[in-house]
Structures are given as structure tokens and as C-alpha cells.
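1. Sequence below, structure please.
(2 chains)
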Amino acid sequence: MKLFDSELKVMDVLWRGGDRTAKEISDILKAETGWNMNTTYTVIKKCITKGAVLRSEPNFLCHALVSKADIQEEETRELIGKLFDGSPDLLFASLLGREKALTPEQIAKLREIVAEMK
Amino acid sequence: MQVKLLEMSAAGAALIGAAVLLRLLTARRLPKGAFVALWWIAALRLLTPAVPASRFSLYTLLDILRREAAPPAASAPSAGVNAVMVLPPAGGGFVPPPAAVPEFPVWEAVWLAGAVLLGVWFLANYLRWRRRFQEALPAENCPSGAAQWTAVRRPVRVRVSDRIAAPLTYGLVCPVILLPKTMDLSDGPALRCVLAHEGVHIRRLDGMFKLVLAAALCVHWFNPAAWVLYVLANRDMELRCDEEALRALGEDRRELYALTLIRLAECQSVPLCGFSRKSGMEERIIAIMKFKKKSALAWAAALLAVACVTTVFATSAMKDSGKSSLPPADIHAPAELENNPSMAVLQELRNSVYFEDDVCYFTIPETDLEGRWNIWITGRYVSEDGTSMSVHYLENESEKGEWVPGQTYSFVERSHPVDELLMEAAYGDAVMTYDLLPNAAVGAVDFGSTVSPAELPAVKEDMPKGAAMIWPSDSMEISAAYSDGEKPHSGVDIGGLSAGDPVYAAAGGTVKDTGFDAQNGNYILLEHGNGMETYYAHCQTVLVETGTAVEMGETIAKVGSTGMATGPHLHFEIMANGEHIDPAGLLKSAEDRAQTLAPLAAAAAAKSEDGQYPVNKNGQTYAANESLSDTLGNPDLVGVIASNGEYGYVSLKELNSNCKVAWGTRTGMTDPDAAEDRSLPVYNEAGDVIGEFVVKAGKTAAKPEPAENAPVESPSFSRNSKGETYGTVFDIPVGSSEEPDLLAAVGTNGENGYIATADSGLSWSPDLNLNGAYLNWVEENNIAGWMIPLYDQEHNVIGEFECGTGNRPAGGKILSYEEVLEAKRNGWPNSMGSDTSGLKPVFSSLEEAKAAVQNGWPEEN
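-> Numbering: from 1, shown residues only, chains lettered A, B, ... in the order given. Alright, predicted model coming up:
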């Protein structure tokens, strides 16, 4: 199971303090990360979809289905390579601009240029 | 809409092209901010319909060039070379009023679909990433005070996300710098480079610019220049940020900055991507390494370049108000029309007209109103041989109706010294005719529907009583006749009219349609019920509105020469169930004859009072055919119709007493004993000459004397599918006693058709083979006061034919004219469609009626 940082943040709340309602998670994360309620709920929903959290009534009580040890934090870079669906830089100013991913050869060449022009 | 969009797109493309060129030429000498500014302007130009005008605009220049090169300009193709000669007054064929079927706007639909698709794609992308960005976590390892490095005054949040590969900025109101989780936040100098770069994005509102660029691309997705703009603007935005960040960081941080970028790119790199190419990144790294602070001179040059490109390419043409424009029109429009926006648009069109040398220019006004332009420009002049010629200008545009708002059109007017140069323009519900000649009377502006009909008669005077349809004009002159031959003319052109003369409704009914089209000008279509319609074209002004009811003889329009016409005339058509019939029949129809016969009735009345023929001031007795008395003998003068249509009398002495067929009201006759045509004066009751009466020579014609065995020409009647012959009296050769089974006649509904000789029960007499007499035929044949069926050539009933009022066969009852009129008012016995209830005598069959005609009417009880 691969969880993003945001999802891990929700799991972390559950791992730290046991089962909590969605409202409680939202309050905690609001203080910790500045997320608004919608954002937190969206992330919780994703955790449920991935099978990391079990939701039960009443009050949307969340229960962690996986332990912290179960989750091997993946190499984020790898994740990005696989999950990079869409281009965030279409409408958001990104440092690298509208650039396609570079090959190692190209990277090497760039370093050469910098070295030459130093 | 479409035109406006393309115009914006083209103007944007020109601006983008200029900016691209500037970018190529100046390379790295100008600050990148200059280009970002230009891209901003280009994007806004693409999205702005109206821009301020400038004397130095490219479009002002283009306007001037177009004027100077007017003859070869695309907009002036037809003058002179393509002049159309129309002789005599062009008879516009009946062009059905434009169909109301809206054409499916294919291009608009394609454009809209593309724009919506692209827009939805952008929006979906935006929302998805936006949601992910909100899940970003606070940057915990970030050195305190790092946000200060952005040099942004507003509070900026720095957060970390594991979903992105490179740092980015989002949030227009509350800006957030998002750093990838892969980035080492403890590396202060690198972080500083990144934040300096992102800070420029925030300060320069690049997030907003990205949205504007996306919007411009969505709207102009079909325009390659918009894509070029999108790509270059995004690239220059980053270059500009690099430049400004380095200016803040100092030139000696160039290497650090470049390496930071490369490291970030490395995180993003995909090892499997096989081929190597020169990346945009390379250009950027070189730019960074070559960075030097730009001099004040470079900044000034950049400012100047942006200002120039903007002034030349991003402004619109200056309206030139000089030159010899038309003097202000002296217009007195009624208050209700002054507020008509369409009229204001037409006025604007007129105000745009001006002459320079021999070239006439005008500009189609831009307007938000929905409407189609119809503009015809016609010059008329009289050539040396006296024929009237007309020249049409900008004919292609006129015919296609393609007038681009905002565009200036021109044509050369020198090819012929025209006596009259009219522009007829219609837009929306407004119509105007302008006299374009600069030396012409200034007040020649004719407001379409503004002229009060009060100065015209409200109804036609002297309308024949009881007529089903009347002649729609005061002029009886037919300048172009109806023809269904090789060159069909679906109506008649009524000439002898001046512009502004009244056009009368031929019959009561409803205005089915009015409008303007290129061929027929201002037209009116009236519906009279029973499938009857009449059509009036080339009107100067239409005085009625679609859907309103009109009375017979009501003034519905003014004669003009709009559309394809060489002079004022009325094109008039009659349609029965969609088929055209010859309106000339109306002139000679029984109804109109009723009018011309009116004095005869008076004469007849005079006779009956004192038992004498009336006497004119010269002492001559006079009488009409109907009033001839067996006991009184012949009068000195007998009633005829002169060749000019006037009713009058000819002298029997002058006529020749041998000419037995003098009786009757006919426009001419043949004297079987005469060898030469003769022209006799026609007198009125006072004895004044009012016209002429032509007596054709009949001597040369074969005489119907069997004893001589003269070769009688065999008639050549047409045959229908049933084998029956049909034709007009003109098909019957002189001297022949053969007649067709179906003989041409005009029905009460105005329909051209045939009556069956079998129905009339009477046979043809060769004596009656007279010039133009076929409508009088029934009269001559003494078929009086009843109705027989009217057929098409296939013998299908299409109407009814009213039998005439002439003398009756021996033993039959003679209906007086008054009786005929009375019968007409109350409905004919045995008619096919008239109300016959309560009328006597009533025949149950045609045969019974026929018998009554021949054997006398049954006595009324």
C-alpha cells in the first residue's frame, strides 16, 4: 500500500491517538497543517478507498486498518514518476516551467555548460 | 460574432508576430520583462473586442493604403469592367422571399466545441491540482524567515508536497509556495534561489497571467499564434523570473542558481526517456550563466519597443473624418424612428461615405444589433444612343450579402459619368436610399418607412365596383410583359411611373411578407385567400407591415427602383396556388371593363329616358354597343376602346359601314374589305379626340368563303394527355371555323385557364377573330350571365369563368349590365364556390343552366 504524505498525516493522527471521528481529525489537522475541513475529509476518503481506514457510524468514526509498521514509505521520487498524471505547471507557475523531464545525458550536459561558463 | 472573433484573432496574431520578431532580433539584449509585458498585451488584445484607436495604428495605415490602391483592392471588383447593362428596365423574376430556415452555424459550433473542450480540460486540471496542493503539509524544516527571501510584501506560506516534482506557486489572493518533498530544505542557499524565483512569480502576478493565457488559448484555439503565445509567454515568464531573481541575489550567485535548477530537474528526470534533444532548459541555463544586470539604456530601449509595438499593433484604425464626405443629411425623421437603432446604424453608414478623386469609400458600421446587411449600389446613365444603362458596383458583395462590419469598401466611380448613383441599404427593419453623388441634392436621403402616406391617396380612385382584383397602379403602361417563354418574366413591369407614386393592393387580404432582397428590392407579398397572392417589387417604400390587413385599392407602397431595377417601376405578379398568371389580364378583365363601361351605362340610361340617342355638342348621336337600338338605327358614333385604353367613340362614317363588326367595345378590329391598316380618331362624349382606334386590313387574310375554296390554314392546337386540343383564339387561323376543345380564358379568380366549348354550347364564329379579343370572346358568343367551369389544360377544374354580358342568341333573355352587376353582388347561379343560397334562378346542373341561356330564363315566381 502506498500512501501520500497527506494520507500518512491522517494515519499519523489515528496511530497516535487511536480511533477518532472525522471531525476530530479535521480539528487536529487544522491546527497542525492548516488544512480546512474539506481537505481533511477528502484525504480521509482517499484513505478509506485505499483500505487504510475503516469508517463506522456514528459520527464517522475512523479506525486505522494498517499499522505504522505496515506502511513502508516509498521512495517519493519513484512515486512521482508513476503518479505524475497531468501537468501542475499548466496553470501554476512552476520553477521548471513547461519543461519535459530531462534525461541523465541532458542533465550532464547542463552541468558541463555551467562548468564551462563559470 | 464570428467576424468579430476572427478580427480579434487576426489582430492578436499580428501583435504576436511582431513580438516574436522583436524577440528574435534583440535576443538577450532586452530585459525579459519587456517580452512578458508584450505577451500580456497580446493576450489581452486577443480577449478584448474593442481597443482604443490610434493615428499610428497599423490599421490606420492599412486603411490609407487600401484607399490609395482602391482599384486593385479586393473590395472593388465590379466597377466598370463588370458593368452590367440592363435594357430596358430589368424585370426581376419572382424570387421567393428568403426562407426562414435558420442555417446551422457549423463553424460557430466547431469553434464553440473546441473552446469548451479546451476550457473544461484546463479547469479539470486546475481543480485537481488545486485540491492536491491543499493537501500539502507545512514546511517544518524550513529555516525561519525563509519567506522573507521571496521579497513579497504579502504574507506568503511555504509548504511541502510529495505530489510535485518542482517548486511552484499557487494562490492568487493568498500566495503559497509549494516545495517538492525531494528538495533539501536545509540547503539554505539553494532554497534562497528557489524562493527568490517564486517570489518574482508572486510579485508579477504570474498566476493571473497563466489564467489569462489559458483563456486566450481557449477562445483562439484555432489560431496557431495563440499557441505560440502560450508557449513563449510561459517560457519568458520563467526567464524573466530568473533574471529578476538573479538581480536580487547578485551576479555571483549565477552558478549556484543554475546548479539548483539542474538538481531540481534531475529529481524530475526520467531515466527511460531515450532520445536526447536540445531542451529549453539549456537555453535557460545559458541565459542564467550569461546574466548581467541590464543597463538603464536597455531598459529604456525595452520600454520604447513595447510602446511602439503596442501602439502599432494593439490599437485600432483611426476613423478619418476628412476628405470629401457627404454633407450632413437633412433628415426629418419622425420621432418614433429617431430611436430606431437600425436607422441609426444606417445613418452611420451614410456618414461614412466620402469621395476621394473618383473613388467612393464607405465603412460598414460595427454594431451589437442583430441584423443582416443588404446594400446595392447602382449607377445609371444615359448612353449616346439614348439607352439607359445601369452599372452595379461591388456586385459580388451585394449578391452574397457579405458586408463585414468595420471594413471599409471602395469602388471607382469614374468609369462612366453616371447621372445617378444610388446606394440602397437595408439593415434590420430599416431601409434607406442614398444618393451618393456628392453634387446631388443633399436632402436626397429617403427615409424608408418615414414618409407619411398622407401625401398619397389612401385608396385608389375610381375602382371598378364589384371587382375581384384591380390593377395595382394608376399607370396602365406595361413596360415589360409577362412571359413564360424562354426568358420567363413571372409578372409585368408597370412603367410610366415616377418614384413615389402609389402602389395599390390589387385585392383585399393580408400582408404575408415584406422585406428587401437584392433582386427585388423592397417587396410586398399579399395573400388574398383561395390560394391567391400578389407580389409587388422594387418599391421605394413599403407602407404596410407583415401581418396587417389591407383593403382592395389601399396604398401599400411607393413606386421605386430598389433591387435590380434601372428606373422607377412596379414589378407586379399574381399567383394562384403558387402558379404565376399573367396580370395583364386584369387590365382587360371583366371587372376593369365594368369601369370603362360605366359611361355606356349612362348613355344607355339617357336613351331610355327620351327614346333618343344622346347628342354631343357637335350634334352627333352616340351610343355604346349595349345601347344600340333596332328602332333608332345606328348612331353617328359608336363605343370602342381606344388603343391607349381610353373608352370613347368612333364615327361610323369613318369606320366604313360595310364593317359589320364595329359594334362592341374592343381595342381594335379587322376590316375584311380593307387592304390597309387604318387609324381612326376616338372621340369622347363631347366630341374631342382622345385616342385612336386601329382598323386592321383584313383583305389579305383568307376569306371564309367556301365557294372560293380558298386554302384555309389548318389550326395547330396543342393537345393534352387526353387528346383534347387547347389553345387561344390567336391559335385559330383567320377563316377557320375550327376551334379547340378548350379555349383560353381568365377565370374569376384571375387564373389563366381554359373553358370548354362543350360547356359554352356555342360555336366559334370566324368573324370574331379580332385583335386582342379573346377575353371578349364570350361576349361575342353571347354567353350571358352564368358561370361555367374553368379548367387547366388537362381539363381539371381550377376555377369558374364568368360568362359575358353581350347580346344573346335569338330567343334567349338578354341580361342588362345592371343585372349582371346585381348577380355578381349576390353570387352567380350555378357558380362553383360562390354562395348561391336563396338565389333564383338556381340550376341544378350545368346543362340546365345552359339550356336556360339558350332557351330563356325560367320565369320567377
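
2. residues touching B:Ala425, list them.
-> Shown in contact with B:Ala425 (CB atoms under 8 Å, 6 or more residues apart in numbering or on different chains): B:Leu346, B:Leu349, B:Arg350, B:Trp373, B:Asn374, B:Ile375, B:Trp376, B:Val431, B:Met432, B:Thr433, B:Tyr434. Every C-beta, even on glycine, is put in place using the N, C-alpha and C of the backbone.

3. Scan those residues and report the most crowded one.
-> The most neighbours of any of the contacts of B:Ala425, using other CB atoms under 10 Å in any protein chain shown, belong to B:Val431, which has 29 neighbours.

4. For that one, grab phi and psi.
-> Recorded main-chain torsions at B:Val431 are phi -130, psi 140, according to degrees, to the nearest 10.

5. Quick check, it in contact with B:Tyr523.
-> No - applying CB atoms under 8 Å, one finds B:Val431 not in contact with B:Tyr523, separated by 11.1 Å.

6. which residues do the two both contact?
-> What both B:Val431 and B:Tyr523 touch, as defined by CB under 8 Å, 6+ apart, is the set B:Phe516, B:Val542.

7. For stretch B:545-555, list every residue counted as buried.
-> By neighbour count with 16 or more other CB atoms under 10 Å in any protein chain shown, stretch B:545-555 contains the buried residues B:Val550, B:Met552, B:Gly553, B:Glu554, B:Thr555.

8. I'd like the residues you listed laid out as a markdown table, including distance to chain A.
-> Formatted as a markdown table, the buried residues of stretch B:545-555 follow (distance: CB to the nearest CB, whole Å):
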| residue | distance to chain A |
| --- | --- |
| B:Val550 | 63 |
| B:Met552 | 71 |
| B:Gly553 | 72 |
| B:Glu554 | 67 |
| B:Thr555 | 66 |
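
9. ok, and for stretch B:8-21, which residues are buried?
-> For stretch B:8-21, a neighbour-count test (16+ other CB under 10 Å) marks B:Met8, B:Ser9, B:Ala11, B:Gly12, B:Ala13, B:Ala14, B:Leu15, B:Ile16, B:Ala18, B:Ala19, B:Val20 as buried.

10. Just these: which are in helices?
-> If you go by DSSP state H, the buried residues of stretch B:8-21 have B:Met8, B:Ser9, B:Ala11, B:Gly12, B:Ala13, B:Ala14, B:Leu15, B:Ile16, B:Ala18, B:Ala19, B:Val20 in helices.

11. and the next element down the chain from the least confident helix or strand in chain B by mean pLDDT?
-> Using mean pLDDT, DSSP states H and E, the weakest-scoring helix or strand in chain B turns out to be strand B:446-447, at a mean of 36. Beyond strand B:446-447 on the C-terminal side, the first helix or strand identified by DSSP states H and E is strand B:478-480.

12. Just list what that next one packs against, helices and strands only.
-> Judged by 3 or more CB pairs under 8 Å, 6 or more residues apart in numbering or on different chains; DSSP states H and E, the packing partners of strand B:478-480 are strand B:492-494.

13. Neighbouring strands of the strand it packs on in the sheet, and parallel or not?
-> Strand B:492-494 has these partner strands in its sheet, going by DSSP bridges: strand B:478-480 (antiparallel), strand B:570-576 (antiparallel).

14. circling back to that earlier point, now, among the buried residues of stretch B:545-555, which is nearest to B:Tyr683?
-> Nearest to B:Tyr683 among the buried residues of stretch B:545-555, counting by CB to CB, is B:Gly553 at 29.5 Å.

15. Not counting its neighbours along the chain, what's nearest the closest one?
-> B:Lys460 (3.8 Å; CB to CB, 6 or more residues apart in numbering or on different chains).

16. check contacts around the one you found.
-> B:Lys460 touches B:Ile470, B:Asp474, B:Pro502, B:Tyr504, B:Gly553, B:Glu554, B:Thr555, counting by CB under 8 Å, 6+ apart.
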